[in-house]
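>>> From the sequence below, what's the structure:
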Amino acid sequence: MGIRKYKPTTPSSRWTRSSDFKEVTADKPYKPLLRPLKKTGGRNVYGRITVRHQGGGHKRMYRLIDFKRDRLDESAKVLTIEYDPNRSGRIVLVEYPGGQKRYCIAPLDLKPGDTIISSYKPEIEIKPGNCLPLRYIPLGVSIHNLELVKGKGGQIVRSAGTQASLTAKENDIGHVRMPSGEVRLVHLDCRATIGQVSNVEHETITFGKAGRKRWLGIRPTVRGLAMNPVDHPHGGGEGKSGQGNPHPVSPWGQPTKGFKTRKKTKYSDKFIVKKRR
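Sure, this is the predicted structure:
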C-alpha cells in the first residue's frame, strides 16, 4: 500500500500521484456479488439537473457490501483484498462455513488467510476485522463501520483511512469521537468493526490532469466570478475584478462559501456532546 509517482514526461504526469495497488490481490471481482449501476448525470426523474458537475465517467458495477455483518458467531476466512470503484477504501471477499461469500470493508493490516468474526458475545478477540458491540470494545481502540441504530448496519466511518474511538461509557450510552473531532452519543448495543479503514494514503493522491476527474464522472466547475451577470450574482465587471458581494452567494442567491446550513434545532443535536467546530 503506497503512492506511485511518475516520471515527468508530460505536464500532467509531473504532478500525478496514484495508488500502487500492491495490497490488492484479485484481478477481477466476484461476479455473484455485482449489480448494475445506472448513471443519472445529476438529473432527477423529471430530467432536471439537481446536482451539478456530474456526468460521463467510466462504467462501474456495484459491489454488494455487507455492512450489517449479521452472520453471527461464524468465523469467515479472508480470500482476497479488492479494489472498489465506488468507495475510497478497499474491500475484502470473505467466505463463511457452507461456502457463502460476502464483501466487507477492508480494515488496515488484514491479509488473505486471516479469519474474522461478528458476534454479540464479550469473549471475541479485539483484532482488526472483528465486529462486536461497543459495550465490549475497550476505550481508545480504533473502530469503523459504526452503527447508529442497533441492527441497521454500519452507517458512518467507512471511507479510506478513517477511524473513530470510544472515549467513555455511561450506563447504556457510549461517547464516540468521530474522525471529524465530533463527540457523539451512541447506544452501547450498536456494533462497530475493529480497526482503521484501509488505503490510508488516499488523501495524498493528486489527479494531475482534468481528464482523470472526467473518468470519475466529475464535470468541470466554473467560478461564478468568471461568468456574466446574467448567469451568476458574482459575474461581470471590467477585467479581473472581485466578486463585489460582501456576502458570497450561489447562482440562486443562497449564502455560500462557509455559510452554515445546519438547522438550529436539528433532531440529532441531542446526540452530539461536542461539535466538530
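>>> All the strands of the stretch 51-200 of the chain, residue numbers only.
Under the criterion DSSP state E, counting those that start in this stretch, the stretch 51-200 of the chain contains strands at 61-63, 76-82, 91-95, 101-105, 115-116, 131-133, 142-144, 164-170, 173-177, 183-187, 191-194.
>>> for the third one, packing partners?
Going back to what we said before, that points to strand 91-95. Other elements packing on strand 91-95 under the criterion 3 or more Cβ pairs under 8 Å, 6 or more residues apart in numbering; DSSP states H and E are strand 76-82, strand 101-105. Every residue, glycine included, has its C-beta placed from N, CA and C.
>>> one more time with 10 Å, if that's ok
strand 76-82, strand 101-105, strand 115-116 (3 or more Cβ pairs under 10 Å, 6 or more residues apart in numbering; DSSP states H and E).
>>> quick one on the thing from earlier: which one of the strands of the stretch 51-200 of the chain lies nearest to Ala226?
When these are ranked by distance to Ala226, counting by Cβ to Cβ, first place goes to strand 61-63 at 36.2 Å.
>>> And the closest one, what's buried?
The neighbour-count criterion (16 or more other Cβ atoms under 10 Å) identifies Arg63 as the buried residues of strand 61-63.
>>> What of stretch 179-196?
When neighbours are counted by 16+ other Cβ under 10 Å, the buried residues of stretch 179-196 are found to be 179, 182-184, 186-188, 190-196.
>>> likewise stretch 244-259?
Using 16+ other Cβ under 10 Å as the test for burial, stretch 244-259 gives Val249.
>>> Just the residues contacting that stretch, thanks.
Outside of stretch 244-259, the residues within contact range by Cβ atoms under 10 Å, 6 or more residues apart in numbering are 52, 224-225, 227, 231-237, 243, 261.
>>> Only C-alpha atoms, please: export stretch 223-243 in CSV.
In CSV, the C-alpha atoms belonging to stretch 223-243 read as follows (Å, rounded to 0.1, in the frame of the first residue of the first chain):
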residue,chain,number,x,y,z
ARG,A,223,-16.3,30.1,-10.9
GLY,A,224,-19.2,32.5,-10.6
LEU,A,225,-16.7,35.3,-10.9
ALA,A,226,-15.8,34.2,-14.4
MET,A,227,-19.4,34.3,-15.6
ASN,A,228,-21.6,37.0,-17.0
PRO,A,229,-24.0,38.9,-14.7
VAL,A,230,-27.0,37.1,-16.3
ASP,A,231,-25.5,33.7,-15.2
HIS,A,232,-24.3,34.4,-11.7
PRO,A,233,-24.6,37.2,-9.0
HIS,A,234,-20.8,37.4,-8.8
GLY,A,235,-20.4,37.7,-12.6
GLY,A,236,-19.5,40.7,-14.7
GLY,A,237,-17.1,43.6,-14.1
GLU,A,238,-14.2,45.1,-16.2
GLY,A,239,-11.2,42.8,-16.4
LYS,A,240,-10.3,40.7,-13.4
SER,A,241,-12.5,42.1,-10.6
GLY,A,242,-13.5,40.9,-7.2
GLN,A,243,-16.9,39.3,-6.6
